[in-house]
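Student: What would the 3D arrangement of this be:
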Amino acid sequence: MKRLLWFIGIVAVFFITFILVYTYHNADLQTVEEKKKPDLQNQGVKEQNQPEPAVKKPIEKTTSLTLAAVGDILIHDTVYNKARQPSGLYHFNPNFAPVKSYLTYPDITMANQETMIGGTKHGLSSYPSFNSPHEVGDALKENGIDLVTLANNHTLDRGEKIILSALSYWNEIDMKYTGAYASEEDRQEIRFIKKNDITVSFLSYTYGTNGIPVPAGKKHLVNVIEAEKIKREITQAKHLSDIVTVSLHFGNEYERMPNDFQKEMVQLVTEAGGDIIIGHHPHVLQPVKWETASDGSKTFVAYSLGNFLSGQRRDYKDIGGIVQLTIVKHIKGDETTIHLKEPKFLPTYVDQSFIIHPMKDLPEMKQSYEGIKTHMKQWVPELNFFE
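Tutor: Presented below is the predicted three-dimensional model:
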């Protein structure tokens, strides 16, 4: 009997031990397996609330536009009398026909309108005190001009009423203008044109007004060259635009090279941040040049574009041209760079009927044409020509 009880006890101990070992082993295996299993619920929350940051490439974009400029539109009586129709109206489109494609192709084309287009109701007049037909503005508009500069030595020739009549007509045909204004409020509005996501602003100043005093309290009628004003307005323009174009009416008439005052003003504009300088007044072509500011930035300068349309003849006064630049804007992330490239030039000639021709298309002017090319690129050997 004792042996039986002892045997039963041993069996019971063995059984209990087996049960304990088995239970512990299974529990340990389950723990290991649970550690191996992904926490799908928590992983889902993590993926939903804490996504892995996406790698974004910086925005990169390059755009460009072409900007062109021509010289003086100086409407003598010989020019407007030739354009007069039997109806009494004036038709200037034929004057521009041979060069129209060179004016309409660029994204922006500007011209120096040297004579006020006050219109016939005020009486037309020629040198030395000009007033021109409204139809000059129509022709410029129809032949690709987008903006005219008006600050020059003839702005005040016929007084305020002619200026206001001209400005009214420019507004009527939706032509932008700069350099002469109807009011101080008008003057404070810096002109700019935006094309292809590039904004170009335009300023215009003259050395003087042929001794005619600016009316008291009406400095807005014409922008006169004043160093501090130019620097201030360039700064304002740079806040509004990518490129600042400054037109300067300066230099000595009929001289083919710039004088010291021109060089001084060009350096001032360059240091102030002007990007392009278009010069007028000498009535003959002066060379183009790259000027460099103290910070290393470069400014493109056309010291004088000569006469584009006028009644002046001989001694280079019937030769002008169209200068063209390409403006490139590159954006990458938060960084924007602007640069000018590919300066080109088209020398032009005004014949005895006051029609503007590309010189390259006139076989009889081949020698003169080659001389003009040499003259214009003497400081910029890479200057290209329309061929």
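
Student: The nearest residue to Trp290 once chain neighbours are set aside: what's it in contact with?
Tutor: Leaving aside its sequence neighbours, Trp290 sits nearest to Lys298 (CB to CB, 6 or more residues apart in numbering; 5.2 Å). Where you see a C-beta, it was placed from the backbone N, CA and C, and this is true even at glycine. By CB atoms under 8 Å, 6 or more residues apart in numbering, Lys298 lies in contact with Trp290, Glu291, Thr292, Leu340.

Student: distance of Lys298 from Asp275?
Tutor: In this view, Lys298 and Asp275 are 8 Å apart by CB to CB, to the nearest Å.

Student: same thing with Glu172?
Tutor: Taking CB to CB, one finds Glu172 at 31 Å from Asp275.

Student: Give me the distance between the helix or strand hosting Asn81 and the centre of its chain.
Tutor: Assessed by DSSP states H and E, Asn81 sits inside helix 77-83. Its chain's C-alpha centre lies 33 Å from the corresponding centre of helix 77-83 when counted by CA atoms, centre = their mean, to the nearest Å.

Student: What helices and strands are in contact with the helix or strand that it is followed by?
Tutor: Using DSSP H and E, the helix or strand that follows helix 77-83 towards the C-terminus is helix 93-96. Helix 93-96 is packed against helix 77-83, helix 135-142, with contacts defined by 3 or more CB pairs under 8 Å, 6 or more residues apart in numbering; DSSP states H and E.

Student: in its sheet, what does the helix or strand just after the last one sit against?
Tutor: Beyond helix 135-142 in the direction of the C-terminus, DSSP H and E gives the next helix or strand as strand 147-149. Here strand 147-149 is paired, per DSSP bridges, with strand 108-113 (parallel), strand 176-178 (parallel).

Student: What lies in contact with strand 147-149?
Tutor: Under CB under 8 Å, 6+ apart, the answer for strand 147-149 is 73, 108, 110-113, 137, 140, 170, 175-179, 191, 193, 202, 204, 247, 278, 280.

Student: residue ranges with poor pLDDT in the protein?
Tutor: Flagging of the chain using pLDDT under 70 yields the residue ranges 1-56.

Student: residue boundaries of the helices in it?
Tutor: Along the chain, counting by DSSP state H, helices occupy 2-36, 40-49, 77-83, 93-96, 100-104, 135-142, 160-172, 184-188, 227-240, 260-272, 366-376.

Student: What residues sit buried inside the helix holding Asn81?
Tutor: Buried residues in helix 77-83, counted by 16 or more other CB atoms under 10 Å: Val79, Tyr80, Lys82, Ala83.

Student: If we only consider these, which is nearest to Leu309?
Tutor: Val79 (6.8 Å; CB to CB).

Student: for that closest one, what are its contacts?
Tutor: Asn95, Leu309, Ser310, Gly311, Phe354.

Student: burial count for Val244?
Tutor: Neighbourhood size, Val244 [other CB atoms under 10 Å]: 27.

Student: Compute the distance between it and Ile278, please.
Tutor: Using CB to CB, Val244 is found at 12 Å from Ile278.

Student: got it, and Phe96?
Tutor: Counting by CB to CB - Phe96 and Ile278 are separated by 19 Å.

Student: These two: who's more crowded?
Tutor: Set side by side, Phe96 and Ile278 show more neighbours around Ile278, with 26 against 22, by other CB under 10 Å.

Student: so the more buried one sits right up against His249, yeah?
Tutor: No - with contact defined as CB atoms under 8 Å, Ile278 does not count as touching His249 (9.9 Å).

Student: Spit out the residues that contact those two alike.
Tutor: Among the neighbours of Ile278, those also in contact with His249 (CB under 8 Å, 6+ apart) are Asn112.

Student: Give me the neighbour count for the closest residue to Lys194 other than its chain neighbours.
Tutor: Once flanking residues are discounted, Lys194 sits nearest to Val200: 7.7 Å by CB to CB, 6+ apart. Counted by other CB under 10 Å, the residues lying close to Val200 total 25.

Student: Please apply the same query to the one 4 residues further on.
Tutor: Counted with other CB under 10 Å, residues neighbouring Ser204 total 27.

Student: Compare neighbour counts for Glu172 and Asp275 and give me the winner.
Tutor: Counted by other CB under 10 Å, Glu172 and Asp275 do not tie: Asp275 has more neighbours, with 27 against 10.

Student: Now do the same contact list for the more buried one.
Tutor: Neighbouring residues of Asp275 by CB under 8 Å, 6+ apart: Ile243, Val244, Thr245, Thr299, Phe300, Ile338, Leu340.
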